Every structure is written in C-alpha cells, then in structure tokens.
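Undergrad: Sharing a model that was predicted from the sequence below.
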Amino acid sequence: NEDESTRRVLPSGLPRTCCADDDSLLTDAQRSLPSKFLDIVKSADNVIDGTNNNNTTKALAFLTGARLGGGGHALAIVTPTTLSQVVECVKAAVQADCIVLPQGSNTGLTGGSVPRPNTGDTRPVVIINLAKHLTHFLPVDGGTRVVCWAGAGLATLSREIPKLCSGRESHSILGSTFLNPTTAASVAFGSGG
C-alpha cells in the first residue's frame, strides 16, 4: 500500500512514484527520449540510456558529485558537442516533461550538479553535461573580455587568460579553483565568474 505523499497523478492519469525503477511508469515520449538525444547528437558515445539501469561506471561519473553525493537516477545523460545540440536536447526534454539538470564539471561544490532521490518531484531527470565538450572561450572587445561557453573551467580559464587577453588576470580565483568548476556554475551559484 503506497503512502499518498510518494504518489502523484500526472495529467494523463498515469500514477507515478518517486522511486520507481519500472519504465512502465514512463510516458512514450519519456521512454523514447534517449533515442531522440541520439538523433540530435549523432554519437552513441554521447548518450547514456538510463531507461533500464544506469548504474554503469560510465553513468556513475555523472550521477555522483566529487564532493557531495547524489544517489539519484537519470532517464538519460547526454553530452552535446555544440550549442545548437544543447538547445535541441533541452527542447526535447521539456517536451517529454522531464526535469533538465544542466551539469558542469560535476565538482559537487554546491550539490546542484547531480540528481537527488526523493525530492518530491516525480518527473524523470535528464542530465545535459556541458563540460565534456563545451569548454571554449573567446576573447572579445579587443581582448578586454572573454566569452566563455558553459563548460569552460575556472582553473583552465585562469591559466589561459594571460594568453588570450594581454594584461588581464581572472577575477575568479577561488579556493575551489583547483577542482576546475565551470564558469557557468560559478555564475549560476554566485561564486564569481
């Protein structure tokens, strides 16, 4: 007998539980999302299908933070190689009514980079990792500033800034920089950037 606090009814009338591993609880759109991601990113190396079991070594690297645990489950993990692929993956995940978890370097400094179990939201989680391929930064305005892609690491940026922008040094020198957290996470979680 299921406690009502761990049960929700989706608009379609399909009951879902927070911790179910049964993919029969997924909608057709959710069940097909890993293959849709594969169509978008064009490489099986860039998609992990979590519909059956994603306790593989490859998946665990994305499901567990370096400092703060995790322990949640992901319907799919995708590592897009272009910004347009990121946009298409986010659109597909939203259309399938999934939680989108953008992931940087997965340092676990803030705890926001990995799915957590029992959060009260029963929708499946999709991880879109930005740090594996989207690590570029470009000087702009004559080398006075830098535009960073979401996966660019702070430590990497601080090493490259003198080469990219003459006379500049990074203003994001943090005690945690040695872990190379992403610039996107630094801005999103107020730790500089």
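TA: Perfect, thanks for sending it.

Undergrad: Low-confidence stretches in the protein?
TA: Scanning the chain with the threshold set as pLDDT under 70 gives 1-24, 52-55, 66-70, 107-112, 167-193.

Undergrad: Now Leu138. Nearest residue, chain neighbours left out?
TA: Val147 (5.1 Å; Cβ to Cβ, 6 or more residues apart in numbering). Quick note: C-beta positions are derived from backbone N, CA and C, even for glycine.

Undergrad: distance of the one you found from Pro102?
TA: Distance from Val147 to Pro102, counting by Cβ to Cβ, to the nearest Å: 18 Å.

Undergrad: Looking at these two, which one has more neighbours?
TA: Pro102 (20 against 12; other Cβ atoms under 10 Å).

Undergrad: Surely that one is in a helix?
TA: No - under the criterion used here (DSSP: H, G, I helix; E, B strand; the rest coil), Pro102 is strand, not part of a helix.

Undergrad: quick one: the strands in the chain?
TA: 7-9, 15-17, 47-49, 76-78, 99-103, 125-129, 137-140, 145-148 (DSSP state E).

Undergrad: can you give me the helices for the protein?
TA: Applying DSSP state H to the chain gives helices spanning 28-31, 33-41, 57-63, 83-95, 154-164, 183-188.

Undergrad: export these to JSON lines and tack on mean neighbour count and distance to Asp49?
TA: Shown next, in JSON lines, are the helices of the chain (neighbours: other Cβ atoms under 10 Å; distance: least, Cβ to Cβ, whole Å):
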{"stretch": "helix 28-31", "mean neighbour count": "14", "distance to Asp49": "10"}
{"stretch": "helix 33-41", "mean neighbour count": "19", "distance to Asp49": "4"}
{"stretch": "helix 57-63", "mean neighbour count": "15", "distance to Asp49": "9"}
{"stretch": "helix 83-95", "mean neighbour count": "17", "distance to Asp49": "14"}
{"stretch": "helix 154-164", "mean neighbour count": "17", "distance to Asp49": "30"}
{"stretch": "helix 183-188", "mean neighbour count": "21", "distance to Asp49": "25"}
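
Undergrad: out of the ones you listed, nearest to Asn106?
TA: When the helices of the chain are compared by Cβ to Cβ, helix 57-63 sits nearest Asn106, at 6.6 Å.

Undergrad: Show me what the closest one packs onto, helices and strands only.
TA: Judged by 3 or more Cβ pairs under 8 Å, 6 or more residues apart in numbering; DSSP states H and E, the packing partners of helix 57-63 are strand 47-49, strand 76-78, strand 125-129.
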